[in-house]
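> give me a model of this one.
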Amino acid sequence: MCCFYLADLESYLVKLKESILQQTDFLPKGIDQNTVKTDDIFTNLTLHHEEKEILHRQTGQKVDQVARKMVTKLTQCCEIFIDENKENNPKSILISGEPGIGKTLFSQKIVRDWSTNSLLIPDIYFTYFITFKQLARLGNKELTLRELLNHSLLLNEKTMVTEDIMAHIIQHPEQLFIVFDGFDEYKDRDKIIGDFEEEFPNDVKAKMSVEALVSKLIRKKILRDSVSMITSRPSEAGALDQKIHFHRYVEITGFSKIQVIDYVEKYFKCKPEKVRKMAVNKVKGSPHHISFGRAPFRCFLMCIFIEWEIKNKRDNLIPATLTEFYCNVIKCIETNYNKAILELDEKAASLAVDQTLDNFARLAAQLVEQNRFSFTSEDLENLNSTEKELLLSSNLIICYPVSSNLPFQKPTCEYSFTHFTIQEFFVALYLVKKGVMAAQESTEMVYIFMSGLLGLDNNKKSMVELLECLGKDITSGKYEFRLRLVSLRCLHEFQDKGLSKQEVTRNPDHRYWDSDRRIVLDGVTDKDCAVIAMLVEYTATSISSPPRTLSIINSFITSVGLSSLMPSIIHNCSITVLWLSFCDLYDECAECLGEYLPNTNLTRLYLDNNNITDVGVRHIINNLPSNLTYLALFSNPVSNECKKWAEQFCNDNHPGLLLRI
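Residues are numbered from 1 along each chain as shown. Purely as a prediction, here's the structure:
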């Protein structure tokens, strides 16, 4: 290469980082993004490795997600990109997290921190951020890898990938890092899992479908030494990882109670001391606020709402459901942060807020119907041209540049909702107002939000219809235990004890427990524990032959979730067998279990394949229920000394107990 080209390349790399900084200015403003690193926001990252397929011991069937024998807590984000054995750094990375946990924010902060040299990704010089929302717009269009890269949201007219830049990347693929955000938001994701070997060549210069390009990149059929990262919700991530082995599988597991409080402290650090204390005390004293704040994005929305409540001296009741929380926050944001609405008098402003939310609901429903995730100003005009200014002034949508494949053409602007869960809320709002059910293949969150909205209207008839519709939708899918969990979350959102008891005791088609009186679940997180507790409590008192076994495997549960679940299993509970295998349990979880175990009727307890150390084992062994006959603690990081102690203690104090450790 000539010196001129090298200088030109260096100039491009500088402009690329500048463009990333400029285009990520829409990240949440509640904290100073220039000084706060990704590590300061996403403090709960879990690395899973050593892939191992599990056969469920009770059902004899494979579970829907891939379990990994080893689980490691990451202390810094840079660990994602570096091999722990200092050999070959990972080239394919899968980021998983529940809705609203902050996968997009995490990805954007990773890219932003790289551009400011705050985060080291070995050997990387070129970074491109591409959303599956953007790729969905391309339809069946075939394109080259260079054209695909030019759809990165973080490019401008000076940083389009030219033929010369692409030629350098082809020669040095180890310098390329591509982030694909929102795999779960791509309707044709099953095609990406497919094999395109016969249909398209493994040639970066060849035109091919979007699905083929993405598949070949992550399968390392092209640019083998490049680094690719994909984000997705857990169920879709599990299906993807079963088909394509990723070098890294990272779970964003959300904030602990202390981290929620720390986040609130950071948000209010520049506010008056009195306001800061009021906000922190409000969160500290409310389990609901702690629960809502587990996801970074929801924590950000919660802070906005708390700030508004304090400013307006409101002491509103704490929302009982996630749906009610979103209703309150969305209305608060439009009423108090939409500049166009703030210019109106009180009566006109109230009408404008309602009309704006109705328009967004219509828009969200249209996007789903048309298989789109972004929209233009023309789409807003088609809703109601006289109210376009109100919509464009909303903080519920963001504007971003859409790159052209032509090197010197200025990008145009498109819009999307600030978060996918907000779009899902509006879809649910539209469907409930129209009195229609969700279409097949609707997301789980649409069903959950619909249940909450129906509950606010006390519409039991439609709720029963929704549960029937949900059964037809999810049972036609691939995830065997999802129907049980999503149905419970829907009932919990509806908030009617009578209907919930009636539904779970009826147990249609063994939706809630099987014919052997077992409640079997996987993919459980903290947010699900309260609804599982509801099922256990209702069945224990409402039917003559209630479930005896509760089996939760291949899940991610903290002490927060166990604190919601375990009270349902004490004293009068019918559960005598409890499985918590492959649940990422740590010593804090063992301590929580120790508080409740003595008051349970458990005879068999499975805690194998977790992360319980000597400290946690002592909490368990010292608090065993009197009727326990079997305890599994094997495949935990326990010392030989502790194993000997536990065996001796059980021989002396629980002679009828079989301990496997």
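
> residue ranges for the helices of the stretch 151-300 of the chain, please.
163-171, 189-193, 210-218, 234-243, 257-267, 273-284, 287-292, 296-311 (DSSP state H, counting those that start in this stretch).

> next: the stretch 551-661 of the chain.
Taking DSSP H, counting those that start in this stretch as the criterion, the stretch 551-661 of the chain carries its helices at 559-565, 587-596, 614-621, 640-653.

> cool, the stretch 351-500 of the chain as well?
Under DSSP H, counting those that start in this stretch, the stretch 351-500 of the chain gives helices at 377-384, 388-392, 420-434, 444-456, 460-474, 482-494, 497-506.

> residue 188: which of those helices is closest?
Using C-beta to C-beta as the measure, helix 420-434 is the one of those that comes nearest residue 188, at 17.1 Å. Heads up, the C-betas are built off the backbone N, CA and C, glycines and all.

> I'd like the mean pLDDT over the closest one, please.
Mean per-residue pLDDT for helix 420-434: 94.

> looking at the helices of the stretch 551-661 of the chain, which is buried most?
Burial of the helices of the stretch 551-661 of the chain is given as mean neighbour count (mean count of other C-beta atoms under 10 Å); helix 559-565 ranks first at a mean of 22.

> against which helices or strands is that helix packed?
Here helix 559-565 touches helix 526-542, helix 587-596, going by 3 or more C-beta pairs under 8 Å, 6 or more residues apart in numbering; DSSP states H and E.

> among the helices of the stretch 351-500 of the chain, which is nearest residue 230?
Taking C-beta to C-beta, helix 420-434 is the member of the helices of the stretch 351-500 of the chain nearest to residue 230, at 15.3 Å.

> list of residues touching that closest one?
Helix 420-434 has contacts (C-beta atoms under 8 Å, 6 or more residues apart in numbering) with 99-100, 104, 182, 185, 297, 323, 326, 330, 357-358, 360-365, 367-368, 373, 396, 416-417, 437-438, 442-443, 445-447, 449-450, 452-454, 457, 462.

> helix or strand with the lowest mean pLDDT in the protein?
helix 38-41 (a mean of 48; mean pLDDT, DSSP states H and E).

> circling back: mind putting the helices and strands packed on helix 559-565 into JSON lines with distance to residue 262?
Converted to JSON lines, the helices and strands packed on helix 559-565 look like this (distance: least, C-beta to C-beta, whole Å):
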{"stretch": "helix 526-542", "distance to residue 262": "18"}
{"stretch": "helix 587-596", "distance to residue 262": "17"}
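
> in terms of mean pLDDT, which of those helices ranks lowest?
helix 526-542 (a mean of 89).

> got the CA positions of it in PDB?
Output of helix 526-542 as PDB, limited to C-alpha atoms (Å, rounded to 0.1, in the frame of the first residue of the first chain):
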ATOM      1  CA  ASP A 526     -36.300 -13.500  38.900                       C
ATOM      2  CA  LYS A 527     -39.300 -11.800  37.300                       C
ATOM      3  CA  ASP A 528     -41.100 -15.200  37.000                       C
ATOM      4  CA  CYS A 529     -40.700 -16.300  40.600                       C
ATOM      5  CA  ALA A 530     -43.700 -14.400  41.900                       C
ATOM      6  CA  VAL A 531     -46.000 -16.000  39.300                       C
ATOM      7  CA  ILE A 532     -44.700 -19.500  40.000                       C
ATOM      8  CA  ALA A 533     -45.300 -18.800  43.700                       C
ATOM      9  CA  MET A 534     -48.900 -17.800  42.800                       C
ATOM     10  CA  LEU A 535     -49.400 -21.200  41.000                       C
ATOM     11  CA  VAL A 536     -48.000 -23.100  44.000                       C
ATOM     12  CA  GLU A 537     -50.200 -21.300  46.500                       C
ATOM     13  CA  TYR A 538     -53.400 -21.600  44.500                       C
ATOM     14  CA  THR A 539     -53.100 -25.300  43.700                       C
ATOM     15  CA  ALA A 540     -52.100 -26.200  47.300                       C
ATOM     16  CA  THR A 541     -55.500 -25.000  48.700                       C
ATOM     17  CA  SER A 542     -57.900 -25.300  45.700                       C
END
